[in-house]
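In: what shape does this take:
(one chain, ligands or ions: 1)
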Amino acid sequence: MKPSRWIAAGLVAVATAAALNAVPATAGRPYDPTAQSLRALAQRHGLYVGTAVDMAALDNAAEPRYRELVGSEFSTVTAENVMKWESLEPTRGTYDWGPADELVAFARQHHQRVRGHVLVWHNQLPAWLTSGVEDGSIDTAELRRILRDHITAVVRHFKGRIWQWDVVNEAVSDPWDTPSTLHYKGFWAEHLGPGYIADAFRWARAADPNALLFYNDYNIEAFGSGNPADDKTQFVYEMARDLRARGVPIDGVGSQGHLGTQYGNYDTLQVAAALRKFAGLGLATAFTEVDVRSQLTAGVRAGDSAEINPRLQASAANFSTLLRACLAERHCLSFTLWGFTDKHSWVPGAFSDPPEGLATVYDENYQPKRSYQELKADLIFAGPPFVRPRVPQQPRR
Ligand code: 9MR
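Out: Below you'll find the predicted structure:
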């Protein structure tokens, strides 16, 4: 190597080492990582930390803490509901972009990236669509056109402003469904057949060539038996592999990460292995809807610390498992919580027998819980050689 090359290479090495070891300077005070936000701590790893946003809470002037924390703690946001079909097109042909645009503007102001959620899902569809199919006034050919037009209109509207789109959500059944052999389930598979999945990715790509296109699902945090008949992770893996092999423009797989302390769940190395296997297909990954719920036993509801503490501890361990696995895999681009305060969480509304809750990282009074501190600790204590900055994903053409 010529001397000038050696000097250049040396400078790059020094700069890299400096960047990896650098801690931001604070005037006269020692740097205190525990005083940093999740987003600041994640930035060192090139990782985006996000939350689902409830627009009613964001707009509630009586609850300023919600808005403050969305802006200060997170570097990516997801609309919890307002980008879903029933919200965007409640009446056929009439779009209401208002709340979704508001979130995108908020994100821009706060230098945040947006995960678009969701283009194709069997839930929260407008009544005009489901009843039209039911009464036969919308036939198969028209339904396919409606889906194409919806994807095109929505992706075009937000073009250039969405980092990752959840193009297809929850297309695969669960072992507790009938039949128990895993299969493509729900409204779209029933009416259009599984070919809608590839179509949806192609239509989304045509409408915004720069957004990363994700398949998103739950219970795919780790592989099980390896048999796609009963292992959902394997089923999704084979689906993604087939889509890639056919040149369908899928860029990533989103693992929702809805866990519960009453389940066995996984260890970090199992989850990291699953992320790595998806990366082996050339795909990015992300945790997209992380929360860890607990059963609210009579003891928990009565404030019995012997019942509450183990749940808080188990919850923190589960959050940590997913975050550390993500940190360890360089193609895991973002880690999004499905809400950040127990005050605004979908869990109590969805699980009542027995009641469940305690699913997020701040309590109902916006006090950070042990899980929040553990997420911080994971971000602080991770670094090279095993945790290195993210590898940006290029949209597949
Ligand atoms: O958090 C969302 C809740 O407010 C809605 O009522 C619910 C309707 O099905 O959807 C919730 O979000 C879901 C997400 O869009 C997809 N994955 C599962 C999430 C929790 O149900």
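
In: rest of the way, CA atoms for contacts and neighbours
Out: OK.

In: hang on, residue 69 is in a helix, isn't it?
Out: Yes. Using DSSP: H, G, I helix; E, B strand; the rest coil, the assignment for residue 69 is a helix.

In: residues from the chain in reach of the ligand?
Out: Within the chain, the residues that sit near the ligand (C-alpha under 6 Å from any ligand atom) are 80, 123, 346.

In: I'd like those residues laid out as JSON lines, including pLDDT and secondary structure.
Out: Output for these, formatted as JSON lines (pLDDT from 0 to 100; DSSP: H, G, I helix; E, B strand; the rest coil):
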{"residue": "80", "pLDDT": "98", "secondary structure": "coil"}
{"residue": "123", "pLDDT": "98", "secondary structure": "coil"}
{"residue": "346", "pLDDT": "98", "secondary structure": "coil"}
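
In: just among the residues you listed, which is most surrounded?
Out: Neighbour tally across the residues of the chain next to the ligand (other C-alpha atoms under 10 Å): the maximum, 19 neighbours, falls on residue 80.

In: mind listing the strands for this protein?
Out: Under the criterion DSSP state E, strands of the chain are mapped to 48-53, 76-79, 113-120, 164-169, 212-217, 252-255, 258-260, 284-295, 332-337, 356-357.

In: compute the inter-axis angle for the fifth one and strand 284-295.
Out: With axes from the mean of the first three to the mean of the last three C-alpha atoms, to 10 degrees defining the directions, strand 212-217 sits at 30 degrees from strand 284-295.

In: now do the fourth one
Out: Put simply, strand 164-169 runs at 70 degrees to strand 284-295, going by the same axes, to 10 degrees.

In: partner strands of strand 164-169, with direction?
Out: strand 113-120 (parallel), strand 212-217 (parallel) (DSSP bridges).

In: low-confidence regions, the chain specifically.
Out: Confidence mapping of the chain against pLDDT under 70 gives the ranges 1-27.

In: please enumerate the helices of the stretch 151-300 of the chain.
Out: Using DSSP state H, counting those that start in this stretch, the helices of the stretch 151-300 of the chain run over 186-192, 196-207, 232-245, 268-279, 298-301.

In: helices and strands around the second one, which ones?
Out: Using 3 or more C-alpha pairs under 8 Å, 6 or more residues apart in numbering; DSSP states H and E, the elements in contact with helix 196-207 are helix 140-157, strand 164-169, strand 212-217.

In: which residues are in contact with the longest one?
Out: Think helix 140-157. Helix 140-157 is contacted by residues 119, 120, 133, 191, 192, 200, 203, 204, 206, 207, 208 when judged by C-alpha atoms under 8 Å, 6 or more residues apart in numbering.

In: how about those residues, which pair is most distant?
Out: 133 and 208 (28.5 Å; C-alpha to C-alpha).

In: in TSV, list the strands of the chain along with distance to residue 391.
Out: Compiled in TSV, the strands of the chain are given as follows (distance: least, C-alpha to C-alpha, whole Å):
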stretch	distance to residue 391
strand 48-53	12
strand 76-79	17
strand 113-120	16
strand 164-169	15
strand 212-217	13
strand 252-255	13
strand 258-260	25
strand 284-295	9
strand 332-337	8
strand 356-357	35
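
In: columns distance to residue 66 and mean neighbour count on top of those, output as CSV?
Out: Written out in CSV, the entries for these read as follows (distance: least, C-alpha to C-alpha, whole Å; neighbours: other C-alpha atoms under 10 Å):
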stretch, distance to residue 66, mean neighbour count
strand 48-53, 9, 25
strand 76-79, 13, 26
strand 113-120, 18, 24
strand 164-169, 24, 24
strand 212-217, 26, 27
strand 252-255, 25, 27
strand 258-260, 22, 22
strand 284-295, 17, 26
strand 332-337, 14, 28
strand 356-357, 18, 20
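
In: list just the one of these that sits closest to residue 179.
Out: So among the strands of the chain, strand 212-217 is nearest, using C-alpha to C-alpha, at 19.1 Å.

In: can you show me the CA trace of the closest one as CSV?
Out: What follows is strand 212-217, C-alpha atoms only, in CSV (Å, rounded to 0.1, in the frame of the first residue of the first chain):
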residue,chain,number,x,y,z
LEU,A,212,-39.3,-0.7,2.8
LEU,A,213,-42.0,-3.3,2.4
PHE,A,214,-42.7,-5.6,5.4
TYR,A,215,-44.8,-8.6,6.2
ASN,A,216,-45.9,-8.3,9.8
ASP,A,217,-47.1,-11.0,12.2
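
In: shouldn't residue 63 be in contact with residue 57?
Out: Yes. Contact criterion C-alpha atoms under 8 Å: residue 63 and residue 57 qualify, at 7.2 Å.

In: between those two, which is the more surrounded one?
Out: Neighbours around residue 63 and residue 57, counted as other C-alpha under 10 Å, are more numerous at residue 57. The numbers are 16 against 11.

In: quick check, central residue of the chain?
Out: residue 288 (1.0 Å; C-alpha atoms, centre = their mean).

In: thought it was touching residue 253?
Out: No. Residue 288 is not in contact with residue 253 according to C-alpha under 8 Å; the separation is 9.5 Å.

In: what distance do you get for the closest residue to residue 72 other than its chain neighbours to the ligand?
Out: Closest residue to residue 72 apart from its sequence neighbours, by C-alpha to C-alpha, 6 or more residues apart in numbering: residue 37 at 6.9 Å. Using C-alpha to the nearest ligand atom, to the nearest Å, residue 37 is found at 24 Å from the ligand.
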